[in-house]
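Engineer: Next input, structure requested:
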Amino acid sequence: MTGNPWMARFATAVLLAAAILVSAAGSAARAQEAGTLRIPEGGWKYHTGDDPRCGALNDAGCTWQSIPNGTFFGNNYSWKRAEVTLPEDLRKAPQQGLVTGDPYLVFEVYANGQLIGGNSTLSFFHADSNTQRILTLPNLAGPDGRLILAIRAFPQWKPRIFSLPLAYVLATPDRTQTITDAETFRYLQLNATHYFCFAAAGFAGFVFLLLYSVNQRLWENLWLGASLFSVAALRVAWVAPFAGIWRPLWLEMVIYLAGNCLMAWILIEFVFSFLERPVPKILRLVAILGMFDAYYATGLPWPSLLQWLAVHCTPTAILIATLTQLLMLPVCFRSKLPEMRWIGASVLFITVENSARMAGQLGIPTPKQDVMWHGYDIDIRAISYLLFAIAMLIAMTFRLRRIQSRNREIEREMAAARSVQQILIPDELPSIPGMTIESAYLPAHEVGGDFFQVLPILNPADPTKPSAFIVLGDVSGKGLKAAMTVSLIVGTPRTYAEFYSSPAELLAGLNRRLHGRGEGFATCLALMVEPSGRITLANAGHPNPYLNGVEIATEANLPLGLALDVHYSESTLQLDPGQLCTLVTDGVVEATSSTRELFGFDRTRAMSAQPAARIAEAARNFGVGAPQADDITVLTIARTMNAAQAVA
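Structural biologist: This next block holds a predicted model:
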């Protein structure tokens, strides 16, 4: 992975962007001048419910209370109010500019009881996600500079969904844009490590998803990639408003709900895919409970029980799903592979940190998980995700190396098997006086399941006129397993040909040899070709031969290896000089085109008088555009005329 130039370019771009961001943040912060008024989060008081009278300057019916910093998540309030005193230069200005820093995307702003604006829409589904807006208001402060701001957030959505608020800032209108930029850069600088870590984790998740697309048997890559990518996508939703990325509010809601509702399910699937075990039914139920967070998409006044479930079930489900990662630790630490210990350590770290974060959302006291360092908010959870992603990428690199090494070993084994098969099924056939025998053999894989043998049998009375045993067959299955069965078969006819005088006896011997030697079977044709052209043949479930383009019917018999005591019948035919007898395997007949059309018996019969190589190539070319499904073997036998026969 470290040698990948694209990854090096990506890392360089990220570091350069971080340097520019820090520099711009410093410049923008220095651009702020004295005289602005910042209203921090702690300067606000809140009112539960949505009472329209709370925008008035004085309304005794609205009660205001402080909410401790960081605990506003999940509180169903609609109003916030702050009382400030403007500095001298702002009191003299005819207008003031207000930079709204809240993540409320549907809101109204009141100053001293007067509505001064909002985000121009009261509809949730038409609102966009531009976090900061600049409003211009007339100078409504009293002589003492006292100004009361009230913000109404409409209750169609929940504030806990989106990012933490920035400060509200009052300034002269000509400086509001500078202040907006400064506040944005301040936020990004403060959370730079958070977003950098999650961006890197999201990139790692994308890599795992690509790896799954290459090898779809490794389901853990899918779930791991989905987990890392989803947590990064949630951070994109948080940072997009500050980066000026516009998108509709409903899309942000969908991203949020999808990430949180599916997180427990994704984590559980990842753990048990890694362990290669089925997911227990009780954990399926936990994953379903995690989807209660979708309650926030409705905004309906559901019963309090459902509200409680919506608030608590999703964090509880994610907490339980996170704790299931501890089941991976024994596998990691007991493994002899060194990278598995790194995976175990990173899994332990991310489990502890993520569990603490979820427990904190449930109100359980947990250690502090954010550390301020030189003006940066160091998020331990983000660091744990980054370390976990790095450890998993390292482990995947070692796994790919092992797979490549194993593939090379398999390739060498397949090459050795191919060499053995070439010895057992030679490319050059023996020369038999009075006969011309041609063959074409096109295996579907490196090694095949078709076989044939041509065995000359000397005639003691006339050595110049030998007979020949010809055997052609097809083993069920493909690849190395079929090739091993072929190796078991092909040596047998040579031995049996010395003892048996008929094809039926030869097939019976082959059947006894194959029976009980595996789960497969083999179809086979056995022929005895005599010098006179008389052919005696026996068929064990194989496609019929052809004589001068005409199919020769044979009696159907069981293939080899299915039953022990099988009697094979024989038939005879006459091969005259100039005639051609053609034998094929079912790879010719069953050759399939890209449109799933078969080569078929009609095409095979029409081409059966052609040379063996031409028939085999025609079948293979017919399947161009589709993978070759089976081995293709063709063997032709022609009887030649000697000089005396030619003169006669």
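Engineer: what about the stretch 251-400 of the chain, any weak spots by pLDDT?
Structural biologist: Along the stretch 251-400 of the chain, the parts satisfying pLDDT under 70 run over 294-311.
Engineer: my guess is I39 meets I148, correct?
Structural biologist: No: applying C-beta atoms under 8 Å, one finds I39 not in contact with I148, separated by 11.4 Å. Yep, even glycine has a C-beta here, placed from its N, CA and C like the rest.
Engineer: What segments of the stretch 151-300 of the chain are helices?
Structural biologist: For the stretch 151-300 of the chain, the helices defined by DSSP state H, counting those that start in this stretch occupy 176-190, 192-214, 219-239, 249-275, 281-289.
Engineer: Helix 219-239 and the lengthiest helix in the chain, what's the angle between them?
Structural biologist: Counting residues, the longest helix in the chain under DSSP state H turns out to be helix 380-424. Taking axes from the mean of the first three to the mean of the last three C-alpha atoms, to 10 degrees, one finds that helix 380-424 is oriented at 150 degrees with respect to helix 219-239.
Engineer: For whichever helix or strand comes after helix 380-424, give the mean pLDDT please.
Structural biologist: Heading C-terminal from helix 380-424, the first helix or strand you meet, by DSSP states H and E, is strand 435-442. Averaged over strand 435-442, pLDDT sits at 89.
Engineer: picking that back up, of the helices of the stretch 151-300 of the chain, which approaches P433 most closely?
Structural biologist: Closest to P433 of the helices of the stretch 151-300 of the chain, according to C-beta to C-beta: helix 192-214, at 56.2 Å.
Engineer: quick one, which of the helices of the stretch 151-300 of the chain is nearest to M372?
Structural biologist: Evaluated with C-beta to C-beta, the helices of the stretch 151-300 of the chain place helix 176-190 nearest to M372, the distance being 8.9 Å.
Engineer: Check which helices and strands the closest one is in contact with.
Structural biologist: In terms of contacts (3 or more C-beta pairs under 8 Å, 6 or more residues apart in numbering; DSSP states H and E), helix 176-190 is packed against helix 5-31, strand 95-100, strand 133-138, strand 168-171, strand 376-379.
Engineer: worst average pLDDT in those?
Structural biologist: Looking at the helices and strands packed on helix 176-190, the bottom one is helix 5-31 with a mean of 49.
Engineer: show me where the stretch 451-600 of the chain has strands.
Structural biologist: For the stretch 451-600 of the chain, strands defined by DSSP state E, counting those that start in this stretch occupy the ranges 467-475, 522-529, 534-540, 546-547, 550-551, 570-574, 580-584.
Engineer: Take these and write them to a markdown table, including distance to G290, mean neighbour count and mean pLDDT.
Structural biologist: Output for these, formatted as a markdown table (distance: least, C-beta to C-beta, whole Å; neighbours: other C-beta atoms under 10 Å; pLDDT from 0 to 100):
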| stretch | distance to G290 | mean neighbour count | mean pLDDT |
| --- | --- | --- | --- |
| strand 467-475 | 51 | 25 | 88 |
| strand 522-529 | 54 | 26 | 90 |
| strand 534-540 | 60 | 22 | 92 |
| strand 546-547 | 66 | 20 | 94 |
| strand 550-551 | 65 | 13 | 92 |
| strand 570-574 | 71 | 14 | 92 |
| strand 580-584 | 59 | 25 | 94 |
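Engineer: In JSON lines, list these along with distance to M372.
Structural biologist: As requested, the strands of the stretch 451-600 of the chain are arranged in JSON lines below (distance: least, C-beta to C-beta, whole Å):
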{"stretch": "strand 467-475", "distance to M372": "72"}
{"stretch": "strand 522-529", "distance to M372": "76"}
{"stretch": "strand 534-540", "distance to M372": "83"}
{"stretch": "strand 546-547", "distance to M372": "87"}
{"stretch": "strand 550-551", "distance to M372": "88"}
{"stretch": "strand 570-574", "distance to M372": "94"}
{"stretch": "strand 580-584", "distance to M372": "80"}
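Engineer: of all the ones you listed, which lies closest to P52?
Structural biologist: Between the strands of the stretch 451-600 of the chain, strand 467-475 lies closest to P52; by C-beta to C-beta that is 84.3 Å.
Engineer: Determine the angle, from 0 to 180 degrees, between the closest one and strand 534-540.
Structural biologist: Counting by the same axes, to 10 degrees, strand 467-475 points 20 degrees away from the direction of strand 534-540.
Engineer: what residues are up against the spatially closest residue to G533 that is not a sequence neighbour?
Structural biologist: Here the nearest residue to G533 in space, its sequence neighbours aside, is L575; by C-beta to C-beta, 6 or more residues apart in numbering that works out to 4.3 Å. Taking C-beta atoms under 8 Å, 6 or more residues apart in numbering as the contact definition, L575 lies against V529, G533, R534, I535, L547, C581, I637, R639.
Engineer: what do you get for T176?
Structural biologist: For T176, the set of contacting residues under the criterion of C-beta under 8 Å, 6+ apart consists of G97, L98, V99, I134, V169.
Engineer: rerun at 7 Å
Structural biologist: Contact criterion C-beta atoms under 7 Å, 6 or more residues apart in numbering gives G97, V99, I134 as the residues in contact with T176.
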